[in-house]
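# Pasting the sequence and the predicted coordinates here, then a few questions.
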Amino acid sequence: IEPIHQKRLIAFINHFLTTTVSFLNTFSHSVETRLEKCEGQLQKMDAALCILEAKVTTCLYKVHLNSIAGLEDVPVATPENPPEVTPPPPPVAPVTDVPPSASEPQPNNATPAQTKISQDPQYSRFFRMVAVGVPLQAVKQKMHAEGLDPGILE
């Protein structure tokens, strides 16, 4: 049997390679466009899911707030808290004062106020929310919305 001529063999190999590469290019392009479409759909669904989760969280938060008893009494006691919030600045003032006797009683007065923050009427409802099972982030957002320091919960 006579072998195939070299030129003809090279022509067959070149034809095979060009058709294979062409097929792979079109296939990869079609797969890439499909993946881009899927990615766009996933991003849209993710955004919609985030919005729905936020709505559900606010609904659950409102349900928890309505289920807590005695919240009507707490807002009445809110005027008592501003004097208790102001004692932390006086410990800064004794640093500038020279007499140590004047600075010692003030930290003693400030320490009980800090230990009793959970008993404060304005903050006690937030501690009760956490105890009932309201998510900590939701309670912190509520405290921030009312102008209170959410770091106190920690």
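Received, thanks.

# Would you state the helices of the protein in chain order?
In order along the chain, the chain carries the following helices (DSSP state H): 6-67, 81-85, 92-96, 100-103, 105-115, 121-132, 136-145.

# list the helices and strands the first one packs on?
With contacts defined as 3 or more CB pairs under 8 Å, 6 or more residues apart in numbering; DSSP states H and E, the packing partners of helix 6-67 are helix 121-132, helix 136-145. Heads up, the C-betas are built off the backbone N, CA and C, glycines and all.

# So which of the ones you listed is the most surrounded?
Stretch with highest mean neighbour count among the helices and strands packed on helix 6-67: helix 121-132 (a mean of 17; mean count of other CB atoms under 10 Å).

# Domain map for this structure?
Following the assignment in automatic domain parsing, the chain carries domains at 1-67, 70-154.

# ok, back up a step: now tabulate the helices of the chain in JSON lines and tack on mean pLDDT.
What follows is those, written out as JSON lines (pLDDT from 0 to 100):
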{"stretch": "helix 6-67", "mean pLDDT": "92"}
{"stretch": "helix 81-85", "mean pLDDT": "43"}
{"stretch": "helix 92-96", "mean pLDDT": "43"}
{"stretch": "helix 100-103", "mean pLDDT": "44"}
{"stretch": "helix 105-115", "mean pLDDT": "46"}
{"stretch": "helix 121-132", "mean pLDDT": "83"}
{"stretch": "helix 136-145", "mean pLDDT": "86"}
